[in-house]
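**Q** need a structure here:
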Amino acid sequence: MMMTTTMKRGASRLVSLSNAPRCRLASLPPRVISVLERMPLACRQSNTPPESVTDVEVPCCVFPDVVTAAEAECIAVRAQEAFRRVEAAEGHYDNLITQYKEFYRFGDEQELRCGASEVGGGIHADYRLGGWPGEARAALLRCRNIAAAFTSVPIQPRVHFLQLAADGFIRPHADDTTNSSAVVCGLTLLSARVMSLNNPRYSDQRVDMLLAPRSFYCLWGSARTEWLHSVDCEVDGPAIPRGPSQAAFTDPIAFDGAITEHRRGQRIAVIFRGLSPMEFLRFRQQSQLSSQGCFLPSCLTCRTCR
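**A** Down below sits the predicted model:
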């Protein structure tokens, strides 16, 4: 019971409701707590914000120190090697992200656990995580298992790597429900950022999340579909989003009314999402056929992974 309480407190201490007095954090699903109890995570601080009687539940959390410093460095080194082969983009095709790079790699549970997956057999080795060091794969599998515990929808086998420059930012948005579903969970590497959640229905409420290095955030339920998430995005006037001022790059990051030890710099996010509706339908069909001894000819991966 002590471990459960500690994990719940750790998940909430990096989330601020100071600007969302009508909101409260959703309880962690029992399956998530069960998964966390079996993982060798660092000791959590017990400074959980007091809960009040509110009418808006926000299902989000941030777990600190989900990977070790050595694991984080191992993942970052391999990711940076891949990012060097990717051209930087000033703006995303839908104008949501500025100053970033991104790539995808195939990494289902078997690939991360064993270094090879039968499902991803047709994908070139350069686009798979099976060739990454075991230390990196074990840490990513740990993150994937936490994400999977939040939903009955399987996690996508493609893992999204996003590099955000020091002056980059992400505008408010909810992930497209045609390409993924259920959950959005991300591991933060290198430098910290602040993620904010806003809901058009509650325009006076804002939930802030400190994404410290080695932390793992999770958005599920209404936080995934109804709340818009952004990273370091400020607004001038009614609808002119911008990133932090140049002076903010040298100043410590402020969070929940206090100055933190973190400063903005290049950030790498490793993001896990649930299968898209079409992928989930195919998964259900495959499961039904498998029980009858039949198999669909192709895997669940999208063209991005191939």
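**Q** And stretch 259-275, end to end?
**A** Terminal residues of stretch 259-275 lie 38 Å apart, using CA to CA, to the nearest Å.
**Q** give the contact list for residue 164.
**A** Applying CB atoms under 8 Å, 6 or more residues apart in numbering to residue 164 gives the contacts 97, 99-100, 170, 193, 231, 266-269. In short, each C-beta sits where N, CA and C put it, glycine included.
**Q** Confirm that it sits in a helix.
**A** No. Under DSSP: H, G, I helix; E, B strand; the rest coil, residue 164 falls outside any helix and is assigned strand.
**Q** hmm, back to that, ok, of the contacts of residue 164, which one's closest to residue 78?
**A** Proximity of these to residue 78 (CB to CB) peaks at residue 268, which lies at 10.5 Å.
**Q** pLDDT at the closest one, what is it?
**A** pLDDT for residue 268: 97.
**Q** Return the backbone torsion pair for it.
**A** When read as degrees, to the nearest 10, the backbone of residue 268 gives phi -110, psi 130.
**Q** now do residue 213
**A** phi -50, psi 130.
**Q** distance of it from residue 281?
**A** Distance, residue 213 to residue 281, by CB to CB, to the nearest Å: 37 Å.
**Q** Tell me which of the two has more neighbours.
**A** residue 213 (21 against 11; other CB atoms under 10 Å).
**Q** these two touch, right, the more buried one and residue 189?
**A** Yes. Counting by CB atoms under 8 Å, residue 213 does reach residue 189; the two are 6.2 Å apart.
**Q** Name the residues contacting each of those two.
**A** In contact with both residue 213 and residue 189: residue 72, using CB under 8 Å, 6+ apart.
**Q** And the helices in the stretch 101-250 of the chain?
**A** For the stretch 101-250 of the chain, the helices defined by DSSP state H, counting those that start in this stretch cover 109-114, 134-148, 222-225.
**Q** In JSON lines: the ones you listed, plus mean pLDDT and distance to residue 183.
**A** Converted to JSON lines, the helices of the stretch 101-250 of the chain look like this (pLDDT from 0 to 100; distance: least, CB to CB, whole Å):
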{"stretch": "helix 109-114", "mean pLDDT": "92", "distance to residue 183": "15"}
{"stretch": "helix 134-148", "mean pLDDT": "96", "distance to residue 183": "6"}
{"stretch": "helix 222-225", "mean pLDDT": "91", "distance to residue 183": "6"}
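**Q** Any idea which of those helices gets closest to residue 181?
**A** helix 222-225 (8.1 Å).
**Q** buried stuff in that closest one?
**A** 222-224 (16 or more other CB atoms under 10 Å).
**Q** Can you pull out the residues in contact with it?
**A** With CB under 8 Å, 6+ apart, helix 222-225 has contacts from 26, 57-60, 174-175, 177, 182-184, 197, 229.
**Q** Restricted to strands, list the residues you listed.
**A** 57-58, 60, 182-184, 197, 229 (DSSP state E).
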